[in-house]
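> Next comes the sequence, and after it the predicted model I'd like to discuss.
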Amino acid sequence: MSTVVYTADDGSVTTIEGRPGDSVMETAVRNGVPGIVGECGGSLSCATCHVFVAPETQDLVGGPGDLEDEMLDGTAVDRRDNSRLSCQITLADGCEYHVTTPSGQL
């Protein structure tokens with residue numbers, strides 16, 4: 001299993017055990033984590049799963065690909081250097097991921 005620690009914009013924390021191979025977005029939506037909409041279901045076409053990746057997770061997930069980078073320009077809350085779309089972060093077995101959700105997705 002993998003662990004995803006979601007910190008909301010208000011500071012509340014939700015920790016979920018995820019399945020390797022699933023995305024951070026799928027794990028959030030399946031478990032009702034607030035702050036991640038995932039409107040397009042992970043097809044990289046909506047940017048409603050925007051997250052800020054914590055420094056301790058950055059090396060694990062790397063940076064966005066070209067299409068994801070373009071999509072990040074359309075997020076509801078301005079992107080940062082550590083912005084990613086959570087649908088593009090795939091969980092690896094035995095890893096812990098830390099992400100923060102922005103104040104809004106729409």
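Now that the structure is in, tell me what you want to look at. Residues are numbered from 1 along each chain as shown.
> Run a quick neighbour tally on the closest residue to residue 51 other than its chain neighbours.
Distances taken as CB to CB, 6 or more residues apart in numbering place residue 99 nearest to residue 51, at 4.0 Å, with adjacent residues excluded. For glycine as for every other residue, the C-beta is placed from the backbone atoms N, C-alpha and C. Residues within reach of residue 99, counting by other CB atoms under 10 Å, total 26.
> so residue 99 is in which element?
strand 96-100 (DSSP states H and E).
> mind listing what that strand pairs with, with the direction of each?
strand 2-7 (parallel), strand 50-53 (antiparallel) (DSSP bridges).
> Buried deepest among those strands, which one?
strand 50-53 (a mean of 26; mean count of other CB atoms under 10 Å).
> Geometric centre of the protein: which residue is closest?
residue 86 (2.7 Å; CA atoms, centre = their mean).
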